[in-house]
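> Please work out how this folds:
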Amino acid sequence: MKFIVSSSYLLKQLQVLGSVINSSNTLPILDNFLFELNGTELKVSASDLETTMSATLEIDSESKGSVAVPAKLLLETLKTFPEQPLTFTVEDNNTIEISSNSGKYALAYASGDEFPKAVTLEDPSVTVVPAEVLATAVSKTIFAAGNDDLRPVMSGVFFQFSPQGLTFVATDAHKLVKYARTDVTASQVADFIMPKKPLTILKGILATSDAEVKIEYNDSNATFSFDNYILTCRLIDGKYPNYEAVIPKENPNKLLISRTQFQSSVRRVAIFSNKTTHQIRLKIAGTELNISAEDIDYSNKAEERLTCDYQGDDMQIGFNSRFLTEMLTNLQSDEIMLEMSLPNRAGILTPVDGLDEGETVTMLVMPVMLNN
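The predicted structure is shown next:
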């Protein structure tokens, strides 16, 4: 088995696939890339058993066969080469030899048959989503997903597909983000919970792609196919909490403010907040917003005044500044609306401008109790 491939082209593809491989694997074979050669097509796969990803590369060859090659060693070697053709030859003594312009390198390989096979979905449902839409949906929601192993359903992003549109939701019980599109639809109603790791990998590649992503899914697995990649992953099992129930419907108090101004104020004031609660206080009266924080243990204190457009009763409400900053960073608009009902009910952040037709973003942040 022998093939010739461009070093930088191979490196670029392998770096994407390398993000699937865990730093410590229970099965040693998972530390490898699986190379499957079929004429001028080379399919390279990486897996951690939960997620399997493969890329199909065009190369120069006439052979067939499959081998598992040590991923770390191969990546480290490829990073050092300037752009040039590399020749890979599988030798009889269980090594694969790489020949470059300047030398030869031999790596021990394992049999390709040992590598776990990716799941094939029986009769899946299919939805096609533009890469850009999926990339935006993931990056807008993934930061709000939880990290609690005891509540695995909350550690992923909830995909809801219907003929009316697509909805993506993530929450960790303190903050919630709902991203919806009505300009992209699915043929039938379906929902599933995607784990964070495959989404992070997808987010990275989709940002630069303008392809259509074909999403196939059943009750236990989902497959994303686009460009020359196929990513298959196991879905999180369980029922997603009824998130609609926690979004307050009646919010008479509405605050309209410049996002960047609000964000930099919150960031500055938060430096002076208590290091465990990160609590900041918003006091709104008339057209004035007063943002303050205090760390009583160290006598640190900060307060800023901003002018805003506010309709509603005068109120004081406390938030965790970290959550608020995360959300403000994630929104792209110039102006935002913060809607509130009572100091003990969640606040809702929405962008006022900068959205595409049919696109909505709703961010919900739980308040913290103020100690007066």
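> Contacts only, for the closest residue to residue 305 other than its chain neighbours.
With sequence-adjacent residues excluded and distances taken as C-beta to C-beta, 6 or more residues apart in numbering, residue 305 is closest to residue 290, at 5.5 Å. Every C-beta, even on glycine, is put in place using the N, C-alpha and C of the backbone. Residue 290 makes contacts with 281-284, 303-305, as judged by C-beta atoms under 8 Å, 6 or more residues apart in numbering.
> for residue 176, same thing?
144, 169-170, 243, 246-247, 346, 363-364.
> one more time with 7 Å
Applying C-beta atoms under 7 Å, 6 or more residues apart in numbering to residue 176 gives the contacts 144, 243, 246, 364.
> Tell me, what's the model's pLDDT at the residue nearest to residue 58 when sequence neighbours are not counted?
Using C-beta to C-beta, 6+ apart and skipping residues adjacent in sequence, the residue nearest residue 58 is residue 40, 6.1 Å away. Looking at residue 40, its pLDDT stands at 95.
> One more: residue 372?
On pLDDT, residue 372 comes in at 63.
> One more: residue 208?
At residue 208, the model reports a pLDDT of 85.
> What of the one 5 residues further on?
The per-residue pLDDT reported for residue 213 equals 97.
> Which one (most neighbours) among the contacts of residue 290?
Ranked by neighbour count (other C-beta atoms under 10 Å), those have residue 282 at the top, with 25 neighbours.
> which residues are contacting the helix or strand hosting it?
Assigned by DSSP states H and E, residue 282 falls within strand 279-285. With C-beta under 7 Å, 6+ apart as the test, strand 279-285 has contacts from 255, 266, 269-270, 273, 289-293, 310, 314-321, 368, 370.
> Run me through the strand neighbours of it, direction for each.
strand 288-295 (antiparallel), strand 315-320 (antiparallel) (DSSP bridges).
> For the last one, list every residue counted as buried.
Buried positions in strand 315-320, judged by neighbour count with 16 or more other C-beta atoms under 10 Å: 315, 317-320.
> Check stretch 264-279 too.
Applying 16+ other C-beta under 10 Å to stretch 264-279 flags 265-266, 269-270, 272-274, 277-279 as buried.
> Quick check: mean pLDDT of that stretch?
96.
> what about that stretch, distance to the chain center?
Distance of stretch 264-279 from its chain centroid, counting by C-alpha atoms, centre = their mean, to the nearest Å, is 26 Å.
> cool, and stretch 279-290?
For stretch 279-290, the gap between its own C-alpha mean and the chain's C-alpha mean amounts to 33 Å (C-alpha atoms, centre = their mean).
> What's the end-to-end length of it?
14 Å (C-alpha to C-alpha, to the nearest Å).
> Show me what the residue nearest to residue 305 bridges to in the sheet.
When assigned by DSSP bridges, residue 290 has beta-bridge partners residue 283, residue 305.
> And it, how far from residue 284?
7 Å (C-beta to C-beta, to the nearest Å).
> tell me the phi and psi of the residue most central in space within the chain?
Geometric centre of the chain, nearest residue: residue 200, 3.6 Å, by C-alpha atoms, centre = their mean. With angles defined as degrees, to the nearest 10, residue 200 sits at phi -60, psi -40.
> leaving aside the residues next to it on the chain, what's closest to it?
residue 142 is the one closest to residue 200 (C-beta to C-beta, 6+ apart), at 6.8 Å.
> which ones are touching that neighbour?
Residue 142 sits next to 157, 170, 196, 199-200, 203 when contact means C-beta under 7 Å, 6+ apart.
> Let me have those residues in JSON lines, extended by pLDDT.
Output for these, formatted as JSON lines (pLDDT from 0 to 100):
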{"residue": "157", "pLDDT": "98"}
{"residue": "170", "pLDDT": "98"}
{"residue": "196", "pLDDT": "96"}
{"residue": "199", "pLDDT": "97"}
{"residue": "200", "pLDDT": "95"}
{"residue": "203", "pLDDT": "93"}
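> which of these are buried?
157, 170, 196, 199, 203.
> returning to what we had before: which one of the contacts of residue 176 sits in the busiest neighbourhood?
residue 144 (25 neighbours).
> pretty sure it is touching residue 171, no?
Yes. Contact between residue 144 and residue 171 holds when scored by C-beta atoms under 7 Å: they sit 6.0 Å apart.
> Looking at the contacts of residue 290, spot the one nearest residue 137.
For residue 137, the nearest member of the contacts of residue 290 is residue 282. The distance, counting by C-beta to C-beta, is 29.1 Å.
> Give the other helices and strands that the helix or strand hosting residue 45 contacts.
For residue 45, the host element (DSSP H and E) is strand 41-47. Using 3 or more C-beta pairs under 7 Å, 6 or more residues apart in numbering; DSSP states H and E, the elements in contact with strand 41-47 are helix 7-18, strand 32-38, strand 51-58.
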